[in-house]
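A.B. asks: got a structure for you, letters missing:
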């Protein structure tokens with residue numbers, strides 16, 4: 001850390017409706033690519049009972065294992081002020097979470113779509129997470 005002060009980790013929360021697809025992928029990428037500088041969370045306004053198996057499959061292709069994860073609701077988030085609230089494109093009113101900056105990504109939900117569509121959405125999310133992490137630095 002020569003000459004560089006220890007900065008507090010940036011807190012990011014990714015939110016979608018079910019916390020079963022898009023926000024889980026985004027959290028996985030943020031944790032992997034954030035290089036220990038990110039405290040990433042995800043949640044859903046109406047959490048599903050499990051993560052979509054196709055999400056687990058396409059994230060495994062990127063070397064990220066989400067198989068032990070479970071969808072979480074907004075009340076499961078730690079009681080912290082987030083630096084960034086990233087919404088995936090809420091099909092309904094987006095949740096109010098205390099955050100310094102709110103960003104709407106408008107990423108389509110791949111629910112019920114083909115494996116190829118899941119891969120396209122995954123790659124889109126990875127690209128957005130990489131751009132966000134660059135912006136944060």
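C.D. replies: Ah, there it is. Being a predicted model, the structure only gives us computed values, none of them experimental.

A.B. asks: helix or strand right after the least confident helix or strand in the chain by mean pLDDT?
C.D. replies: Between all helices and strands in the chain, the lowest mean by mean pLDDT, DSSP states H and E belongs to strand 99-104, at a mean of 88. Reading on from strand 99-104 to the C-terminus, the next helix or strand found by DSSP states H and E is helix 115-136.

A.B. asks: which element is residue 86 on?
C.D. replies: Here residue 86 is assigned to strand 82-87, by DSSP H and E.

A.B. asks: packing partners of that strand?
C.D. replies: Judged by 3 or more CB pairs under 8 Å, 6 or more residues apart in numbering; DSSP states H and E, the packing partners of strand 82-87 are strand 10-16, strand 99-104, helix 115-136. The C-beta positions use only the backbone N, C-alpha and C, and glycine is treated the same way.

A.B. asks: rank the ones you listed by pLDDT, which is bottom?
C.D. replies: Among those, strand 99-104 has the lowest mean pLDDT, at a mean of 88.

A.B. asks: direction included, what does it pair against?
C.D. replies: strand 82-87 (parallel) (DSSP bridges).

A.B. asks: angle of the strand it pairs with against helix 115-136?
C.D. replies: With axes from the mean of the first three to the mean of the last three CA atoms, to 10 degrees defining the directions, strand 82-87 sits at 150 degrees from helix 115-136.

A.B. asks: contacting residues for residue 64?
C.D. replies: Contacts for residue 64 (CB atoms under 8 Å, 6 or more residues apart in numbering) come out as 28-29, 31-32.

A.B. asks: looking at these, which has the most residues close by?
C.D. replies: residue 28 (26 neighbours; other CB atoms under 10 Å).

A.B. asks: what does the helix or strand hosting it contact?
C.D. replies: Using DSSP H and E, residue 28 maps to helix 22-33. Around helix 22-33, the neighbours that count as contacts under CB under 8 Å, 6+ apart are 12, 14-16, 38, 40-44, 51, 55, 58-59, 62-64, 66, 69, 71, 86, 88-89, 107, 109-110, 121-122, 125-126, 128-130, 132-133.
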